[in-house]
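[1] Sequence and predicted structure below; questions after.
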Amino acid sequence: MFGSSSLRLAAFYTAGFAMAVAILGLVTIFATRAALIEQFDARIRTESTAVKVDYQTGGAPGMIGEINERRNTPGELSFGAQTADGRPLAGPLARLRRPAGWSTVRLGGAHPTVLRVLTEELPGGYRLMVGDDIERVVDLQQSVLKGFALALGAVVAVGVACGFALSRAVQRRMSAISGTAEAIIDGDLARRIPVGAGDDDLARLAHTINRMLDRIAALMDSLRQVSNNIAHDLRTPLTRLRQRLELSLRQAEDPVHRTQTEGALRDVDAILATFSALLRIAEVEAGARRSAFRREDLTALARTVVEDFAPAAEDAGHSLALDGDRPAWIEGDPELITQMMVNLIENALRHTPPGSDIAVRVTASGEGVVLAVIDDGPGVPEAERERLFGRFYRLEHSRSTPGSGLGLALVSAVAWLHRAEVKLLDARPGLEVRVTFPPA
Amino acid sequence: MKLLLVEDDEEAAEYLKRALIEAGHAVDHAASGRDGLFLAASESYDVIVLDRMLPQMDGLAILRTIRGARVKTPVLLLTALDGIDDRVEGLDAGADDYLVKPFAFVELMARINALARRPPPQEVVTVLQVGDLRMDLLKRSVTRANVRIDLQPREFQLLEYLMRNAGRVVTRTMLLESIWNFHFEPQTNIVETHMSRLRAKIDRGHPRELIHTVRGSGYTMHDGAA
């Protein structure tokens, strides 16, 4: 799930959005606080000025009288007056010691409060303090904070939910795309990505990929057409050539002429065999046969091939035996697998001296099904083995010898088609060709 | 036998026609798909030899049309395409046999003969007999001169095929295709090795051989007295 790019994108956006909400919250809190404090300050300044006017007109007693009078008025601010040496004169704030200017004072007691206090020096050395309870600002700040915390939580929750939903939706469409790609890789060139009604970037991507697939299919088609044409255009003259030779053979009376013509016929057939082998390899490599795969018991297939080839092996002075009696299931094309086994067995027969033993071993385990063709002949030196192994994949180098080179090239192509791995091993003595199929 | 040959390549058609007539058959030749279709639908033939790649009308399309018209004449498809899918497609379209170009004339002849005398499908054969050799298909048993012969499964299949085609030439390729289901040419002579073992079991110790080698083409089974 965390491998999903859409989920990561959603998480990224959610985090960014949450951060924005947090910043907005902080800015709001500071701005409201500043605005409120401004209002408080204005009122305090006005009241302070009013008391100062009383002081100017009535002196210290006028100021004290005014303070005491206001003290009993509900909703009024708190006042305090003291002498230059700090002796309290009147009001609840008279005992405060604060420098001139603004300050914040916390008062304990039965009703703890937070006050904003303006301290002013009066001309006669008296000090006047005017304060207001700003508890309401703190309350407001807290409720704003709570609101934003709630909003932040909601943003994160919605963001995560949307992220999952989005990634599920994207994932579904992505897996449709990769499923199609897998099917194409498996040789089903007719598959296309399902495109819904929408017209978003993914739909456009699907359209583009589908167009690309159409193009590939068209190219494959024309390639097939071309090879069909080549097959036809080559086989038609070869057919005539063969017929002419047959005709000539029938009319031949001179034994030399006969032998020559028979040789020529054999050559035509050899050309044709190479041609057929090449076409067969190309057909296998195109991968289209995968659609015809079915569940097969490799042991049963191997048993049949071994039984069919044992008499011929015996006649050539070899022994051929099957090693393995339990079913080993694979997904595959029985005809091609049979041809692969035939090629491997014939390869072993051709490259070992009479008297050699050839074993076909089939074993199944959790890692897969292993087909091994093992001989006790002279084997192949390590360095040579690499070269031989290379040949498996480099058809070009083995084209000159139709029997062997193409036989192994076909083995390699069939193994590739079945997603199997081919390895050449030292059988001490002899050679082991091991083909490992993925488990069915 | 009356044969219809549908082949667009004039020279190949001329050669085949001549060789088939020499072999004692009556041959109608159609150079195009349309003519071929017309003849196949209007005349009665023992076997139709049909080229798969024809100008104008594809051999497979003709084959489907013929089969659609309930013409049951055996069809031998000649083709330059020997891919596995091509073969399956050809047989699905209603071909009875499939021969890849180029081919030996004896191969074509053997296959035409095998197709022409194929027994109708509803006829169930349970016992095959050639001379004093008898095969019971239900009991899966073989006797010669009333003496039981034990055969390996492949040998039994091989003998059954030979007996069903008694009196006709059976080629190596026909055996590879129908007994082994090999649509490729193995380097090893598995047909010969199996055949020599079968012959040892069938013919050894008997004055008259039933399995005969036809040089350059294949095998045939017949009671020499006939």
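    All right, it came through fine.

[2] and residue B:106, how many neighbours does it have?
    Using other Cβ atoms under 10 Å in any protein chain shown, residue B:106 is surrounded by 18 other residues. C-beta here means a position set from N, CA and C on the backbone, and glycine is covered the same way.

[3] What pLDDT does the model give it?
    pLDDT, residue B:106: 87.

[4] Residue B:119 now?
    pLDDT, read off for residue B:119, is 62.

[5] Then residue B:124?
    pLDDT, residue B:124: 78.

[6] For it, give its distance to residue A:305.
    32 Å (Cβ to Cβ, to the nearest Å).

[7] who has more neighbours, the two?
    Neighbours were tallied for residue B:124 and for residue A:305 using other Cβ under 10 Å; the higher tally belongs to residue A:305 (23 against 7).

[8] my guess is that one meets residue A:360, correct?
    Yes - using Cβ atoms under 8 Å, residue A:305 is in contact with residue A:360, at 7.4 Å.

[9] Between these two, which contacts overlap?
    Listed as contacting both residue A:305 and residue A:360 by Cβ atoms under 8 Å, 6 or more residues apart in numbering or on different chains are A:341, A:345.

[10] Residue A:331 - how many residues pack around it?
    So residue A:331, with other Cβ under 10 Å, has 15 neighbours.

[11] hmm, who's touching the host helix or strand of it?
    Using DSSP states H and E, residue A:331 falls within strand A:329-332. Outside strand A:329-332, the residues that touch it by Cβ under 8 Å, 6+ apart are A:293-298, A:337, A:364, A:369, A:418, A:437-440.

[12] do stretch B:6-18 as well
    Applying Cβ under 8 Å, 6+ apart, the set of residues contacting stretch B:6-18 from outside is A:236, A:239-240, A:243-244, A:247, B:5, B:27, B:29-33, B:35-36, B:39-40, B:48-51, B:53-55, B:59, B:62, B:78, B:105, B:108.

[13] ChimeraX command to pick out the buried ones of those?
    The ChimeraX selection below is limited to those of those classed as buried (16 or more other Cβ atoms under 10 Å in any protein chain shown):
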select /A:236,239,240,243 /B:5,27,29,30,31,32,33,35,36,39,40,48,49,50,51,53,54,59,62,78,105,108
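
[14] and the contacts of stretch B:6-18, which of them are in helices?
    The helices, defined by DSSP state H, take in A:236, A:239-240, A:243-244, A:247, B:33, B:35-36, B:39-40, B:59, B:62, B:105, B:108 from these.

[15] how near is residue A:373 to residue A:302?
    Residue A:373 is 9 Å from residue A:302, by Cβ to Cβ.

[16] ditto for residue A:59
    Taking Cβ to Cβ, one finds residue A:59 at 124 Å from residue A:302.

[17] Of those two, give the one with the bigger neighbour count.
    residue A:302 (23 against 12).

[18] Just give me the neighbour total for residue B:174.
    Residue B:174 - counted by other Cβ under 10 Å - has 21 other residues nearby.

[19] Residue B:157 is in contact with residue B:175, isn't it?
    No - here residue B:157 does not reach residue B:175: they are 9.4 Å apart, not a contact under Cβ under 8 Å.

[20] Between these two, which has more neighbouring residues?
    Shown here are residue B:157 and residue B:175; by other Cβ under 10 Å, residue B:175 has more neighbours (21 against 16).

[21] Skip the chain neighbours and tell me the closest residue to that one.
    Residue nearest to residue B:175 in three dimensions, not counting chain neighbours: residue B:191, with 5.1 Å by Cβ to Cβ, 6 or more residues apart in numbering or on different chains.

[22] Okay, now the sheet partners of the one helix or strand residue B:212 maps to, with direction.
    Assigned by DSSP H and E, residue B:212 falls within strand B:211-214. Sheet pairing here is set by DSSP bridges, and for strand B:211-214 it gives strand B:218-221 (antiparallel).

[23] before we move on, what SS does residue B:166 have?
    Following DSSP: H, G, I helix; E, B strand; the rest coil, the label given to residue B:166 is coil.

[24] tell me the contacts of residue 66?
    Went with chain A since none was named. A:50-51, A:54, A:58.

[25] My question was about chain B, not that one.
    B:37, B:40-41, B:48, B:73, B:75, B:94.

[26] what comes up buried for stretch B:9-17?
    B:9, B:12-13, B:15-17.

[27] you'd agree residue A:102 is in a helix?
    No - counting by three-state DSSP, residue A:102 is not part of a helix but strand.

[28] Run a quick neighbour tally on it.
    14.

[29] what is it paired to in the beta sheet?
    So, taking DSSP bridges as the rule, residue A:102 has residue A:118 as bridge partners.

[30] per-residue confidence at it?
    So, for residue A:102, pLDDT stands at 88.

[31] for it, what are its contacts?
    A:41, A:116-118.

[32] at 10 Å instead, please
    Residue A:102 is in contact with A:37, A:41, A:44-45, A:116-119, counting by Cβ atoms under 10 Å, 6 or more residues apart in numbering or on different chains.

[33] Please apply the same query to residue A:180.
    Neighbours of residue A:180 in contact, by Cβ under 10 Å, 6+ apart: A:188, A:191-194, A:206, A:209-210, A:213.

[34] ok, so what distance separates it from chain B?
    Separation of residue A:180 from chain B (Cβ to the nearest Cβ, to the nearest Å): 22 Å.

[35] so that residue sits in a helix?
    Yes - assessed with three-state DSSP, residue A:180 lies in a helix.

[36] Need the overlap of contacts for residue B:157 and residue B:175.
    Contacts common to residue B:157 and residue B:175, judged by Cβ under 10 Å, 6+ apart, are residue B:194.

[37] May I have stretch A:299-319 as PDB, with CA atoms only?
    C-alpha atoms of stretch A:299-319 as PDB (Å, rounded to 0.1, in the frame of the first residue of the first chain):
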ATOM      1  CA  THR A 299       6.800 -36.800 -15.900                       C
ATOM      2  CA  ALA A 300       4.100 -38.300 -18.100                       C
ATOM      3  CA  LEU A 301       5.400 -36.400 -21.200                       C
ATOM      4  CA  ALA A 302       9.000 -37.400 -20.400                       C
ATOM      5  CA  ARG A 303       7.900 -41.100 -19.900                       C
ATOM      6  CA  THR A 304       6.400 -41.100 -23.400                       C
ATOM      7  CA  VAL A 305       9.400 -39.500 -25.100                       C
ATOM      8  CA  VAL A 306      11.800 -41.900 -23.200                       C
ATOM      9  CA  GLU A 307       9.800 -44.900 -24.200                       C
ATOM     10  CA  ASP A 308       9.600 -43.700 -27.800                       C
ATOM     11  CA  PHE A 309      13.400 -43.100 -28.000                       C
ATOM     12  CA  ALA A 310      14.700 -45.900 -25.900                       C
ATOM     13  CA  PRO A 311      14.700 -48.500 -28.800                       C
ATOM     14  CA  ALA A 312      16.500 -46.100 -31.100                       C
ATOM     15  CA  ALA A 313      19.000 -45.300 -28.300                       C
ATOM     16  CA  GLU A 314      19.500 -49.000 -27.700                       C
ATOM     17  CA  ASP A 315      20.200 -49.600 -31.400                       C
ATOM     18  CA  ALA A 316      22.900 -46.900 -31.300                       C
ATOM     19  CA  GLY A 317      24.400 -48.600 -28.300                       C
ATOM     20  CA  HIS A 318      23.200 -46.100 -25.700                       C
ATOM     21  CA  SER A 319      20.800 -46.600 -22.800                       C
END
